[in-house]
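**Q** sequence first, then the predicted structure, then my questions.
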Amino acid sequence: MIDRIKKDKVFYISSISLILILIYAFFNIETFETASSNALNFLLNKFYWFYSGVILSFFIFCVYLIFSKVGKVKLGKDDEKAEYGFISWLAMLFCAGMGMGLVFWSVAEPLVHYTNPLNVEPFTEEAKMFALKKVFLHWGTSAWACYAILALILAYMQYRKGKPALMSSALIPIIGEKRAEGWLGNVIDIFTIFATVAGVVTSLGLGTLQINAGLNFLFDIPENIKIKLIIIGIVTICYMTSAIVGINKGIKILSNINLFIAALMIGLAVIVGPTSSIFKNLFSGLAIYGKELVTTNNNIFLHGGWYNDWTLFYWGWWIAWAPPVGIFIARISRGRTIREFLLGVLIIPSLLCFIWFAVFGTIGFNVDHSLALEAAKKTQTAFFMVLSKYPLGFFICNLVMILSMIFFITSADSSTFVLAMLSSKGDLNPKNLKKVVWGILQGALTIIFLLAGGLKMIQTASILAAFPFAFIMIFAMVSFKKSLKEEKEKILLEDEVEKELKDSRKKSVRTV
């Protein structure tokens, strides 16, 4: 038994620690909520600049790599081809990356910003643009830069350097292989597990709230903790089953189905909604978002009040979500070049998010003011309240229930798979027993956070867990930059040889 614990110490330390937190929180919910809130207020007041700076550095580093010479380096051997087709790859990374939150906030966030904008008159064109530029900021390239940079580093170390699929592997160039395999590496992997669980619990909590609210709105099923427990129980069984079945048979199929349903929803929403306004708002929102991204970085370094509740929450959420999503995207990205990978992960999903929020945000803007105010008060039912006023509204609302369930499952099954990998020394095909343990723990922690304080408590968990992990991601970038020096030297040497060959051929032609 002792030998087994030594061999699997990351699994035992992380799982037992989380179980102890679970037990403590269950019997001390009020104390747990107060301590978490105090810690959150301290971080937001003292380190708001840190969260924003980290997010900005991820984006800048991604752009640098896209235009760098190392962009043509393969995540694998030089002659390797991509493991998954482009559409399946896109579907899996999109479903793992956005998941339940995309459905939860689709109508709610633009509507909240539209009815209560910052320093702008509500229900005006300026309020619409404020809402869209902030939603694009929160869900666009900033979020995907978090995922892209971590996934890229891990895929490079796995498939190019042959290292285990662990966060500690990403730091080998600066801490050395011996330390990465020792106690320091174990600490890094344990912190990665904690951040992963916090990010997933946030998404599962949002999913539970939305599904319960949807069932209440559509079928008059009560909103209470009993129904929420049933929802979490059913979904936990589903995502554990999907994770056990594996990527090709479970996660890939569900992701493809989800992408189809999402596309169908957008198509129907464009048809029944104010079509011309949707396209106008999409392009206008993109223009003002892009302009402020270049000029003021969308004021991401501001804090307090509105910014703490929205922008800083998202920065914490994306950093906390980076481990499960990054490790999963790395797992499915073998054989792609760095440039192809970054363009795929950074640009295309961001564009899909922009379209999604422009469509459903505009549908929310188009209802009468009294309904908009009422819907904005309860974010988990905003989608159903607004869409029910449109033709085919009941059908679209039922589609969103199906989409929510599958997003719920695809987010959790990929994270369950990742947690099992992290606690199995990077094994790409971890044992099912570990998937079961992590699946149950995620569901149990979601229940505790819902009991402790609902949506606010769930958001708190993400921001707190993101803080220590953000340092790990910064060191991982430094480490990756060091690794790429060798690749750059190799590319420069190859370019020099190629240039000499071309010059030699030109001289031969002239001689003839």
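**A** Nice, thanks for sending it over. Numbers count the residues shown, from 1 in each chain.

**Q** CA only for contacts and neighbour counts going forward, please
**A** Will do.

**Q** report the helix or strand with the lowest average pLDDT across this structure.
**A** Every helix and strand in the chain was compared by mean pLDDT, DSSP states H and E; the lowest is helix 2-7, with a mean of 57.

**Q** quick one: buried residues of the helix or strand following it?
**A** Downstream of helix 2-7, the first helix or strand assigned by DSSP states H and E is helix 9-27. Neighbour counts over helix 9-27 (16 or more other Cα atoms under 10 Å) mark 9-15, 18, 22, 25-26 as buried.

**Q** equivalent analysis for stretch 366-379, please.
**A** The neighbour-count check on stretch 366-379 (16+ other Cα under 10 Å) flags 366, 372-373, 375-376, 379 as buried.

**Q** which among these gets closest to E181?
**A** Lowest distance from E181 to those (Cα to Cα) belongs to T379, with 44.9 Å.

**Q** mind listing what W105 touches?
**A** Contact analysis of W105 by Cα atoms under 8 Å, 6 or more residues apart in numbering lists T379.

**Q** where does it fall, phi/psi-wise?
**A** Main-chain torsions, W105, degrees, to the nearest 10: phi -100, psi 0.

**Q** any idea how far it is from S242?
**A** According to Cα to Cα, to the nearest Å, W105 stands 25 Å off from S242.

**Q** next one: F471
**A** With distances taken as Cα to Cα, F471 is found 32 Å from S242.

**Q** for the two, indicate the residue with more neighbours.
**A** Neighbour count, other Cα atoms under 10 Å: between F471 and S242, S242 has more, with 25 against 12.

**Q** let me know the helix or strand that that one is in.
**A** Element membership for S242 (DSSP H and E) is helix 225-245.

**Q** turn the buried residues of stretch 366-379 into JSON lines, columns for distance to S284, pLDDT and secondary structure.
**A** Formatted as JSON lines, the buried residues of stretch 366-379 follow (distance: Cα to Cα, whole Å; pLDDT from 0 to 100; DSSP: H, G, I helix; E, B strand; the rest coil):
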{"residue": "N366", "distance to S284": "16", "pLDDT": "94", "secondary structure": "coil"}
{"residue": "A372", "distance to S284": "21", "pLDDT": "93", "secondary structure": "helix"}
{"residue": "L373", "distance to S284": "24", "pLDDT": "93", "secondary structure": "helix"}
{"residue": "A375", "distance to S284": "24", "pLDDT": "91", "secondary structure": "helix"}
{"residue": "A376", "distance to S284": "23", "pLDDT": "91", "secondary structure": "helix"}
{"residue": "T379", "distance to S284": "25", "pLDDT": "84", "secondary structure": "helix"}
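
**Q** which one of those is nearest E223?
**A** Taking Cα to Cα as the measure, E223 lies nearest T379 of the buried residues of stretch 366-379, at 14.0 Å.

**Q** what number of residues lie near the nearest residue to that closest one once chain neighbours are set aside?
**A** Excluding the flanking residues, the one nearest T379 by Cα to Cα, 6 or more residues apart in numbering is A108, at 5.1 Å. For A108, the neighbour count with other Cα under 10 Å is 26.

**Q** what angle do the strand or helix carrying K435 and helix 225-245 make?
**A** Using DSSP H and E, K435 maps to helix 432-511. Taking axes from the mean of the first three to the mean of the last three Cα atoms, to 10 degrees, helix 432-511 and helix 225-245 form an angle of 50 degrees between their directions.
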